[in-house]
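K.L.:
Build me a structure from this.
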Amino acid sequence: MLGYVLSLVIGIPPGLLMGWFVVARGSARRPFEMIRPIPPVAWIPAGDLLVRIRLTGKVFIIWACGVVPCVINAYTGCA
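P.N.:
Here you go, the predicted structure:
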């Protein structure tokens, strides 16, 4: 639940900013479009290597899988 809430809290504001402001869209859209095609399953080894602590690793994986869709969907909803 913590990873999901963090992905919402961290992902929705940049998506809204990208949808409302052209400057934010121009500077932030490219990194998100590069990360978007990475499947969520691919974040599991990265989370395992970066964060070995039990709960922190799980939260990181859920956050990494959820933050990019939150940004993209918030951006699409505002644009």
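K.L.:
Tell me which residue is most central in the protein.
P.N.:
Taking Cα atoms, centre = their mean, the centroid of the chain lies closest to Val67, which sits 2.1 Å from it.
K.L.:
count of neighbours near Val71?
P.N.:
27 (other Cβ atoms under 10 Å). The way it works is simple: take the backbone N, C-alpha and C, and place the C-beta from them, glycine included.
K.L.:
what secondary structure does the closest residue to it other than its chain neighbours sit in?
P.N.:
Among residues not flanking Val71 along the chain, Gly15 sits closest, at 4.2 Å (Cβ to Cβ, 6 or more residues apart in numbering). Classification of Gly15 by DSSP: H, G, I helix; E, B strand; the rest coil places it in helix.
K.L.:
who does the helix or strand bottoming out on mean pLDDT in the chain touch, helix- and strand-wise?
P.N.:
Taking mean pLDDT, DSSP states H and E as the measure, the helix or strand of the chain with the lowest value is helix 43-50, at a mean of 78. Counting contacts by 3 or more Cβ pairs under 8 Å, 6 or more residues apart in numbering; DSSP states H and E, helix 43-50 is packed against helix 54-78.
K.L.:
and the direction of the helix it packs on versus that of helix 43-50, what angle?
P.N.:
Angle, helix 54-78 to helix 43-50, by axes from the mean of the first three to the mean of the last three Cα atoms, to 10 degrees: 140 degrees.
K.L.:
Quick one: distance of stretch 7-20 to the chain centre.
P.N.:
Centre-to-centre, stretch 7-20 and its host chain are 9 Å apart (Cα atoms, centre = their mean, to the nearest Å).
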